[in-house]
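Novice: Make a model of this:
(one chain, ligands or ions: 1)
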Amino acid sequence: KETVLSGIRPTGFVHLGNYFGAMRDWVRMQEEYDCYICVVDWHSLTTHPDTKELQSNVYRLMGELLAVGLDPEKCVLYVQSDVPEIAELYLYLNMMAYKGELEKTATFKDKVRQHPNNVNAGLLTYPVLQAADILIHRALKVPVGKDQEQHIEMTRNFAERFNHRYGEIFPLPQAFSYGGGLIKIMSLDGTGKMSKSANQMATLYLADDDELIRKKIMKAKTDSGPTELHSVKPDYIENVFGLMKLVSSEDTVAKFEADFNNCVIRYGDMKKQLAEDMVRFMGPIRERAKAIENNKEEITRVILRGKEKARASADATLQLVRKAMGVNYTG
Ligand code: TYM
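Specialist: Model (predicted):
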């Protein structure tokens, strides 16, 4: 079986972008691949130095991962800081990464804009740590949303440089999505990608209750409708259709597509329908997450079990790496 790795930061509530961009694929992949799913707490420190809520965020996120269907019997679900081998590989990979390329990374430039007073070295080398997450298990496929594509490309570059210098240790990983193209869910106000830090009323969280889901969807950005037959949809309208394709029936989508093409679409009706389908889709996940969240003991067991399996795999890779580099002196 091929090895798969993906990660998610414990920086806030899981939203629909995380779910449809990545988590949904993880649940499916655990049936077919050797899957490692990592809660990347070190990554969250690059932008969230205050650790007061870190523990509760990690536990809630673990609960949400279990609630969407990840099964610790089928995949290795673990926390990054439980695997110190990742930090050692990160150190070696830092020698494969150039300052210039790190400064040019799109996510780095975004973060500099968002947190101009905390442009720390961890933020600059964020993609190197991500590469270490992936390469420590010698993963081949990395199921992620569109925003992570550049990081995976950088991972390949670091791995190639390492292989070139020290020998073929790492397979070159690829970003993956079952749908083919990587997914980008936009925020409901149409201002950019849905994200943990964007406008909360324009972000649908897995934890939102039914009323809040309805309220947010009814506020989603639309306009007065097309005026020409078969127009091209603006981004924000495309996004509402995109969400509908994810949770509504094909017939429902086809009806509103036809209405759009014929210039008779009523976005109010469309959003009402989407809200009901979304509530039906998200309700059971939320209720499962609530039930698991209260079971701290169970989550602790999951974390400990994941740690053991992840470390075994990580240690095996690190031995190969040290040997290839000649960074071992006693045999
Ligand atoms: P993070 O925590 O921001 O997001 C987790 C996953 O959700 C996807 N995602 C989206 N997909 C589509 N549309 C959106 N609006 C949207 N928002 C988020 C992300 O693409 C991601 O797949 N750097 C990573 C975490 C990470 C990682 C790794 C991922 C660390 N190490 C190793 C893969 C492999 C991040 O910040 O994801």
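Novice: what's the spacing between His230 and the ligand?
Specialist: Summarising the geometry, the distance separating His230 from the ligand, computed by CB to the nearest ligand atom, to the nearest Å, is 27 Å. In this view, the C-beta of every residue, glycine as well, is placed from N, C-alpha and C.
Novice: Can you report how many residues lie near that residue?
Specialist: Residue crowding around His230 was assessed by other CB atoms under 10 Å; the count is 9.
Novice: Quick check, pLDDT for the nearest residue to it once chain neighbours are set aside.
Specialist: The shortest distance from His230 to any non-neighbouring residue, by CB to CB, 6 or more residues apart in numbering, is to Asn261 (5.0 Å). According to the per-residue confidence, Asn261 scores 96 in pLDDT.
Novice: what's the neighbour count on Asn261?
Specialist: If you count neighbours by other CB under 10 Å, Asn261 ends up with 14.
Novice: so it sits right up against Glu228, yeah?
Specialist: No - in terms of CB atoms under 8 Å, Asn261 does not count as a neighbour of Glu228; the distance is 9.9 Å.
Novice: residues in the stretch 201-331 of the chain within reach of the ligand, list them.
Specialist: If contact is defined as CB under 6 Å from any ligand atom, none of the residues of the stretch 201-331 of the chain are in contact with the ligand.
Novice: Where does the stretch 201-331 of the chain get nearest to the ligand, which residue?
Specialist: Thr203 (8.8 Å; CB to the nearest ligand atom).
Novice: That residue reaches Ser195, doesn't it?
Specialist: Yes - taking contact to mean CB under 8 Å, the distance of 7.2 Å between Thr203 and Ser195 places them in contact.
Novice: Give me the more crowded residue out of the two.
Specialist: Set side by side, Thr203 and Ser195 give different neighbour counts by other CB under 10 Å, the larger being at Thr203 (22 against 18).
Novice: Now do the contacts for that one.
Specialist: If a contact means CB atoms under 8 Å, 6 or more residues apart in numbering, then Thr203 has 15-17, 187-188, 194-196, 216 as its contacts.
Novice: 10 Å - rerun?
Specialist: With contacts taken as CB atoms under 10 Å, 6 or more residues apart in numbering, Thr203 has the following neighbours: 12-13, 15-17, 185, 187-189, 194-197, 216.
Novice: Ser248 versus that one, what's the distance?
Specialist: With distances defined as CB to CB, to the nearest Å, the gap from Thr203 to Ser248 amounts to 20 Å.
Novice: Show me how far stretch 21-29 is from its chain's centre.
Specialist: What separates the centre of stretch 21-29 from the centre of its chain is 9 Å, taken as CA atoms, centre = their mean, to the nearest Å.
Novice: ok, and for it, which residues are buried?
Specialist: Buried residues in stretch 21-29, defined by neighbour count with 16 or more other CB atoms under 10 Å: 21-27, 29.
Novice: and of these, the nearest to the ligand?
Specialist: Of all the buried residues of stretch 21-29, Gly21 has the smallest distance to the ligand: 1.9 Å, by CB to the nearest ligand atom.
Novice: In this model Asp147 seems to touch the closest one, though I could be wrong.
Specialist: Yes - checked against CB atoms under 10 Å, the pair Gly21 and Asp147 is within contact range at 7.8 Å.
Novice: Give me the number of neighbouring residues for the closest residue to Leu206 other than its chain neighbours.
Specialist: In space, Leu206 comes closest to Val14 once its chain neighbours are excluded; the distance is 4.8 Å by CB to CB, 6+ apart. For Val14, the tally of surrounding residues (other CB under 10 Å) stands at 24.
Novice: still on that earlier bit, which residues do Gly21 and Asp147 both contact?
Specialist: Shared contacts of Gly21 and Asp147, defined by CB under 10 Å, 6+ apart, are found at 182-184, 193.
Novice: Derive a ChimeraX selection command for the buried subset of those residues.
Specialist: Selection of buried members from the shared contacts of Gly21 and Asp147 for ChimeraX, criterion 16+ other CB under 10 Å:
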select :182,183,184
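Novice: Thr300 reaches Met62, doesn't it?
Specialist: Yes - Thr300 is in contact with Met62 according to CB under 10 Å; the separation is 9.2 Å.
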